[in-house]
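Asks: predicted model and sequence follow; I will ask about them next.
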Protein chains: 2
Amino acid sequence: MPRMGRRPGPSTTRTMITAAAAGRFTAVGYDATSLRQVAADAGVDPALVRRFFGSKEQLFTAVASAVIDPARALAAVAEGPVSAAGERLLRYFLSLLGDVSQPGPLLGLVRSAVTSEHAASLLREFLAGELLPNIAVSLPSERSGLGAALAASQLVGLAVARYAVQLPPLTAARTEELVRTVAPVLQYYLTGHPISPKENS
Amino acid sequence: MPRMGRRPGPSTTRTMITAAAAGRFTAVGYDATSLRQVAADAGVDPALVRRFFGSKEQLFTAVASAVIDPARALAAVAEGPVSAAGERLLRYFLSLLGDVSQPGPLLGLVRSAVTSEHAASLLREFLAGELLPNIAVSLPSERSGLGAALAASQLVGLAVARYAVQLPPLTAARTEELVRTVAPVLQYYLTGHPISPKENS
């Protein structure tokens, strides 16, 4: 985040509010989060949250956008050789999830979506509205929409199984081992190409 | 469920309590569920719930076991040609999830695990204690534990993305389309064999 000098400027305030909201969504889910609490956590007036973001719906979408960063996610897939698109997407996603013992706010989005139909519909709009279609058209695939959605499902499942349920083989696996095993699956979903496991050790 | 005559016998009562608990876990998650509410939903005395199941922890594990049915899940993988193990596991799992508009209690387990560390640890013990290791040893794979856990992650992700977030390409896809695309992935995770899409249309 760029530092703006001694007094926080609008973009710093925005970032602080978004971070506070991400924390709330992660801790208590979408339904139990209020703009008033988010404002208190960010140390700002509730009216400011409302002025910047409008409603809780818009705040949630702003958090999703800040956490997932559609432009970076799309760049991860589209920039570089197609043959490694799945690997790049997986590495980007694992970097968002962070350390197994201290998962980042991405898990909070999943948690909110699983517990609130409202949050689920906001996340659906966010993913299905632009990000997944843009990923789909950036790649040569006969499956287009379905493939990108299945890639997303594998990533969400990894988030839940590794970071929430913490299945031991997944928490024990290092990034390189996950990349070696899971990247071919994302590659297959994204491009439709049959893929062999990566051949190095 | 076997009918026991006019008066419900112990196994019917057990089934009723388990169903009531599954409904509560699905609706409000693990933490907000109480044995008293479950008893009320099942129309029995709370003392009976306690006598049958002991604690909320044991009740949750009983629900997980009733919903996932480890013996049937293992049979789905192990009984029949190895070359179709992934497909059989996927079909079994999709049958548990049920209709997209009316998901079954399996989604409630995922919801509980994502929102409660306690429920997550119970589900982890349930999956990692017996089911996944048994699945792993039933198959020829160099990956054993990691492969079974990754197969589980793909299934959990499908549950979240299709039934909770309801991504349109996934809700629109018919069972046969999902099987054609996802079964090769489960097969790859379970056996370590290269992914090749199923060849019929």
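Replies: Yep, it's here.
Asks: and A:Ala84, what is it in contact with?
Replies: A:183, A:187 (CB atoms under 8 Å, 6 or more residues apart in numbering or on different chains). Where you see a C-beta, it was placed from the backbone N, CA and C, and this is true even at glycine.
Asks: and stretch A:99-118, how far apart are its ends?
Replies: With CA to CA, to the nearest Å applied, stretch A:99-118 spans 28 Å between its terminal residues.
Asks: what average pLDDT does that stretch get?
Replies: Stretch A:99-118 shows a mean pLDDT of 89.
Asks: pLDDT wise, what is A:Ala136 at?
Replies: 88.
Asks: doesn't A:Leu150 make contact with it?
Replies: No: A:Ala136 is beyond contact range of A:Leu150, at 10.9 Å (criterion: CB atoms under 8 Å).
Asks: which of the two has more neighbours?
Replies: A:Leu150 (29 against 20; other CB atoms under 10 Å in any protein chain shown).
Asks: that one and B:Val182 touch, don't they?
Replies: Yes: between A:Leu150 and B:Val182 there is a contact at 6.6 Å, judged by CB under 8 Å.
Asks: which residue ranges of chain A form strands?
Replies: A:98-99, A:102-103 (DSSP state E).
Asks: redo those strands as a markdown table? Include mean neighbour count and distance to chain B.
Replies: Below are the strands of chain A laid out as a markdown table (neighbours: other CB atoms under 10 Å in any protein chain shown; distance: least, CB to the nearest CB, whole Å):
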| stretch | mean neighbour count | distance to chain B |
| --- | --- | --- |
| strand A:98-99 | 11 | 16 |
| strand A:102-103 | 14 | 11 |
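Asks: just send the ones you listed back as CSV, with distance to B:Thr61 too.
Replies: Shown next, in CSV, are the strands of chain A (distance: least, CB to CB, whole Å):
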stretch, distance to B:Thr61
strand A:98-99, 28
strand A:102-103, 24
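Asks: check contacts around A:Arg72.
Replies: A:Tyr92.
Asks: how far away is the closest residue to chain B within chain A from B:Pro168?
Replies: For chain A and chain B, the shortest gap (CB to the nearest CB) falls at A:Gly157, measuring 2.2 Å. Distance, A:Gly157 to B:Pro168, by CB to CB, to the nearest Å: 18 Å.
Asks: those two: who's more crowded?
Replies: A:Gly157 (24 against 14).
Asks: ok, and the closest non-adjacent residue to the more buried one?
Replies: Nearest residue to A:Gly157 in three dimensions, chain neighbours excluded: B:Gly157, at 2.2 Å (CB to CB, 6 or more residues apart in numbering or on different chains).
Asks: isn't that neighbour up against A:Arg162?
Replies: No: in this structure, B:Gly157 is not within contact of A:Arg162 by CB under 8 Å, at 11.0 Å.
Asks: can I get stretch A:18-26 in CSV, CA atoms only?
Replies: What follows is stretch A:18-26, C-alpha atoms only, in CSV (Å, rounded to 0.1, in the frame of the first residue of the first chain):
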residue,chain,number,x,y,z
THR,A,18,-11.6,-2.6,3.3
ALA,A,19,-9.1,-4.4,5.6
ALA,A,20,-11.4,-3.9,8.6
ALA,A,21,-14.3,-5.3,6.6
ALA,A,22,-12.3,-8.3,5.4
GLY,A,23,-11.4,-9.0,9.0
ARG,A,24,-15.1,-8.9,10.1
PHE,A,25,-16.3,-11.0,7.2
THR,A,26,-13.6,-13.6,8.0
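Asks: re earlier: quickly list what's touching both of B:Gly157 and A:Arg162.
Replies: Between them, B:Gly157 and A:Arg162 share no contacting residue, judged by CB under 8 Å, 6+ apart.
Asks: number of nearby residues for the residue nearest to A:Gly108 when sequence neighbours are not counted?
Replies: Leaving aside its chain neighbours, A:Gly108 sits nearest to A:Thr26 (2.7 Å; criterion: CB to CB, 6+ apart). If you count neighbours by other CB under 10 Å, A:Thr26 ends up with 21.
Asks: so what's A:Thr26 up against?
Replies: A:105, A:107-108, A:111.
Asks: what is the nearest of the residues you listed to A:Glu87?
Replies: In terms of CB to CB, no member of these lies closer to A:Glu87 than A:Leu107, at 22.0 Å.
Asks: how many other residues sit next to that closest one?
Replies: A:Leu107 is flanked by 22 other residues according to other CB under 10 Å.
Asks: quick one on the thing from earlier: residues contacting the residue nearest to A:Gly157?
Replies: Contacts of B:Gly157 by CB under 8 Å, 6+ apart are A:152-158, A:160-161.
Asks: could you tell me which of these belong to helices?
Replies: If you go by DSSP state H, those have A:152-158 in helices.
Asks: how much space separates the most centrally placed residue in chain A from B:Val28?
Replies: The centroid of chain A falls nearest to A:Ile68 when counting by CA atoms, centre = their mean (3.6 Å). The spacing between A:Ile68 and B:Val28, counted by CB to CB, is 28 Å.
Asks: repeat that for A:Pro168.
Replies: On the measure of CB to CB, A:Pro168 and B:Val28 end up 28 Å apart.
Asks: please apply the same query to A:Val28.
Replies: From A:Val28 over to B:Val28 (counting by CB to CB), the distance is 14 Å.
Asks: can I get stretch A:176-190 in CSV? Just the C-alpha atoms.
Replies: Coordinates of each C-alpha in stretch A:176-190 appear next as CSV, following Å, rounded to 0.1, in the frame of the first residue of the first chain:
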residue,chain,number,x,y,z
GLU,A,176,5.9,-27.1,-4.8
GLU,A,177,4.3,-30.5,-4.1
LEU,A,178,0.8,-28.9,-4.5
VAL,A,179,1.9,-27.2,-7.7
ARG,A,180,3.3,-30.4,-9.1
THR,A,181,0.0,-32.3,-8.4
VAL,A,182,-2.7,-29.7,-8.7
ALA,A,183,-1.4,-27.4,-11.5
PRO,A,184,-2.0,-30.1,-14.2
VAL,A,185,-5.7,-30.3,-13.1
LEU,A,186,-6.2,-26.5,-13.4
GLN,A,187,-4.4,-26.7,-16.8
TYR,A,188,-6.8,-29.4,-17.9
TYR,A,189,-9.8,-27.5,-16.8
LEU,A,190,-8.6,-24.2,-18.3
